[in-house]
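**Student:** What follows is a protein structure lacking sequence information:
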């Protein structure tokens, strides 16, 4: 290295730790073009000893800092929302920091006025990584939908990834693979990956995704499964404009079903078959904490919102609602009592009940014939 470069760039950015030499070299190359010598002049020992700095220090943090300063790579905004999840929030943050970072990145954390120690844990990481983490948490509880809308105002990336604080990512290339998928499939405003569920520390693949084919899914793929395809927002990755626009729509609550049905109005939904994230099912979760009747009403209201926001696929969504929620007296009574069954006429309901009755008679008749 030329002495004049050393005199100008004598200081090292020690906060970059294991990548301090990378940044120093990049800074020098801003002033002078490096030369390449096509000869072996150095023997580099690449052992796997634990004591090596490359095995003991985080790679994501310093690499992200360098990329943001010296690169024109795309920016990914990672939204992490939380509410009373002190048991899980640290694991969620660490799973983000374990991603393979070939892109610019920011982490936007928004806690919804937790009453446990979740805010203190967030503050710990935000103080430790101020150039990476934006802590926009509120002291006023606003609910999950308004929390997402607040986050949407702060994102600066071209792409958005979501992680809910009781979930976590397992595959270090999740963000990179999602980014590459959307870059290669312009008709997809979003992509999701296969999901693990975790109950009492036992992990299993989500059965409803077992027969999906990797690639681009259509409305038919979603409708025949009553839209129970993605299951969890922590598996999703979006183009920014699509995310911001969909979050602003009038809806019962933010849900992966709303995102999918809006995406399918004019495009397709991408699917990566490799499992990349874990959906934590616990009593602290929004969905898990509901009663059976509350879950039924919530599911109906989400699909009602999808219907009201749809244009091309309105009738398909309506037929799925009728088949799922007006198939028997128990479910239809609960929905009718909710007072939100305005999109389904009595004629539709009666017709569906008659179809169910006829199908039941056919099943009984077939069983008698087999005897």
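**Tutor:** In hand now; what should we look at? All of these numbers come straight from a predicted model, not from anything done at the bench. Residues are numbered from 1 along each chain as shown.
**Student:** Residue 298 reaches residue 290, doesn't it?
**Tutor:** Yes - contact criterion C-beta atoms under 8 Å: residue 298 and residue 290 qualify, at 6.5 Å. Bear in mind the C-beta positions are built from the backbone N, C-alpha and C, glycine included.
**Student:** Which one's more surrounded, the two?
**Tutor:** Using other C-beta atoms under 10 Å as the criterion, residue 298 and residue 290 rank with residue 298 on top: 17 against 14.
**Student:** quick one: contacts for the more buried one?
**Tutor:** With contacts defined as C-beta atoms under 8 Å, 6 or more residues apart in numbering, residue 298 is in contact with 252-253, 287, 290.
**Student:** From the residues you listed, pick the one nearest residue 331.
**Tutor:** residue 290 (15.3 Å; C-beta to C-beta).
**Student:** check contacts around that closest one.
**Tutor:** Listed by C-beta under 8 Å, 6+ apart, the contact partners of residue 290 are residue 298.
**Student:** try it again with 10 Å
**Tutor:** For residue 290, the contacting residues are 296-299, by C-beta atoms under 10 Å, 6 or more residues apart in numbering.
**Student:** how about the strands in the chain?
**Tutor:** 75-82, 104-111, 133-135, 159-164, 168-169, 190-199, 202-205, 215-217, 236-239, 269-280 (DSSP state E).
**Student:** Can you show me the helices along the stretch 51-200 of the chain?
**Tutor:** Ranges of helices within the stretch 51-200 of the chain are 53-56, 60-70, 89-97, 118-128, 144-152, 174-184, based on DSSP state H, counting those that start in this stretch.
**Student:** Can you say which of those is packed in most?
**Tutor:** Ranked by mean neighbour count, the helices of the stretch 51-200 of the chain are led by helix 89-97 with a mean of 20 (mean count of other C-beta atoms under 10 Å).
**Student:** so how far is it off the chain centroid?
**Tutor:** 14 Å (C-alpha atoms, centre = their mean, to the nearest Å).
**Student:** average model confidence for that helix?
**Tutor:** Taken as a whole, helix 89-97 has a mean pLDDT of 97.
**Student:** Specify the angle between that helix and strand 75-82 in degrees.
**Tutor:** Relative orientation of helix 89-97 versus strand 75-82 (axes from the mean of the first three to the mean of the last three C-alpha atoms, to 10 degrees): 170 degrees.
**Student:** between helix 89-97 and helix 174-184, how many degrees?
**Tutor:** 50 degrees.
**Student:** hang on, the earlier thing: now the strands of the chain as a markdown table including mean pLDDT, distance to residue 36 and mean neighbour count?
**Tutor:** Shown next, in a markdown table, are the strands of the chain (pLDDT from 0 to 100; distance: least, C-beta to C-beta, whole Å; neighbours: other C-beta atoms under 10 Å):
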| stretch | mean pLDDT | distance to residue 36 | mean neighbour count |
| --- | --- | --- | --- |
| strand 75-82 | 97 | 31 | 24 |
| strand 104-111 | 96 | 27 | 23 |
| strand 133-135 | 97 | 38 | 19 |
| strand 159-164 | 98 | 34 | 24 |
| strand 168-169 | 98 | 37 | 24 |
| strand 190-199 | 96 | 38 | 21 |
| strand 202-205 | 94 | 47 | 10 |
| strand 215-217 | 95 | 41 | 17 |
| strand 236-239 | 98 | 37 | 24 |
| strand 269-280 | 96 | 37 | 21 |
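**Student:** returning to that earlier point: can you tell me which of the contacts of residue 298 comes closest to residue 316?
**Tutor:** Distances from residue 316 to the contacts of residue 298, taken by C-beta to C-beta, are shortest for residue 252, at 19.0 Å.
**Student:** thinking that closest one is in contact with residue 302, fair?
**Tutor:** Yes - using C-beta atoms under 10 Å, residue 252 makes contact with residue 302 at a distance of 5.5 Å.
**Student:** Identify the contacts common to those two.
**Tutor:** residue 258.
**Student:** who are the neighbours in contact with residue 97?
**Tutor:** 58-61, 64, 107, 125, 129, 132-133.
**Student:** which among these gets closest to residue 264?
**Tutor:** Using C-beta to C-beta, those come closest to residue 264 at residue 107, 29.2 Å.
**Student:** Report the contact partners of the closest one.
**Tutor:** If you count contacts by C-beta under 10 Å, 6+ apart, residue 107 has them with 64, 76-80, 93, 96-97, 125-126, 129, 132-135, 161, 163.
**Student:** now do 7 Å
**Tutor:** Contacts for residue 107 (C-beta atoms under 7 Å, 6 or more residues apart in numbering) come out as 78, 80, 96, 132-133.
**Student:** Which residue is the nearest non-sequential neighbour of residue 68?
**Tutor:** Residue nearest to residue 68 in three dimensions, not counting chain neighbours: residue 104, with 4.9 Å by C-beta to C-beta, 6 or more residues apart in numbering.
**Student:** my guess is the one you found meets residue 65, correct?
**Tutor:** No - counting by C-beta atoms under 7 Å, residue 104 stays clear of residue 65, with 10.0 Å between them.
**Student:** any idea of the pLDDT on residue 342?
**Tutor:** In this model, residue 342 carries a pLDDT of 74.
**Student:** Likewise for residue 187?
**Tutor:** On pLDDT, residue 187 comes in at 96.
**Student:** returning to what we had before: take the contacts of residue 298 and lay them out in a markdown table including pLDDT and distance to residue 306.
**Tutor:** Putting the contacts of residue 298 into a markdown table (pLDDT from 0 to 100; distance: C-beta to C-beta, whole Å) gives the following:
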| residue | pLDDT | distance to residue 306 |
| --- | --- | --- |
| 252 | 92 | 9 |
| 253 | 92 | 12 |
| 287 | 72 | 17 |
| 290 | 83 | 19 |
